[in-house]
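Asks: Prediction below, plus the sequence it came from.
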Amino acid sequence: MTDSIWGFHDAAGYPEGTDLTGFKVEAIDGAIGKVDKHSVEVGAAYLVVDTGVWIFGKHVLLPAGTISSIDLDETTIYLSRTKDDIKHAPEFDKEKHIGDKDYHEQLAGHYGAPHS
């Protein structure tokens with residue numbers, strides 16, 4: 001398990017200070033929703049994505065290390081994971097899991113080391 005899954009990679013192109021709220025989020029194989037909230041905290045950076053109808057209005061927490069690129073002009077975030085990877089992640093409850101270290105460890109184990 002690696003902490004780098006909880007940080008933005010240089011290749012993602014995250015401009016420091018940019019608010020990603022409302023950005024569209026695309027998995028390798030299609031759209032998954034829009035950013036509801038995000039954190040840029042060092043070692044704990046993430047996105048909370050509202051999946052809308054895709055998985056019945058649920059929210060998912062995605063470590064920043066799952067981001068492959070950010071297109072500011074298109075306000076779209078591209079992930080290095082598939083819809084299936086995201087759908088099968090440990091269930092997220094935004095009332096209790098945001099700062100839950102155990103949940104973050106579960107997610108890091110699920111998503112593993114960043115893909116290139």
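Replies: Cool, got the structure.
Asks: The spatially most central residue of the chain sits in which helix or strand?
Replies: Residue closest to the mean C-alpha point of the chain, counted by Cα atoms, centre = their mean, is Leu62 at 2.5 Å. Element membership of Leu62 [criterion: DSSP states H and E] is strand 59-63.
Asks: Tell me where this structure has helices.
Replies: Assigned by DSSP state H, the helices in the chain fall at 83-87, 101-111.
Asks: The first one - what's its average pLDDT?
Replies: Here the mean pLDDT over helix 83-87 is 92, rounded to a whole number.
Asks: by contact count, what packs against it?
Replies: Applying 3 or more Cβ pairs under 8 Å, 6 or more residues apart in numbering; DSSP states H and E, we find helix 83-87 packed against strand 24-27, strand 30-39. Placement of C-beta: from N, CA and C, glycine included.
Asks: can you redo the ones you listed as CSV with distance to His88 and mean neighbour count?
Replies: Output for the helices and strands packed on helix 83-87, formatted as CSV (distance: least, Cβ to Cβ, whole Å; neighbours: other Cβ atoms under 10 Å):
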stretch, distance to His88, mean neighbour count
strand 24-27, 12, 20
strand 30-39, 13, 18
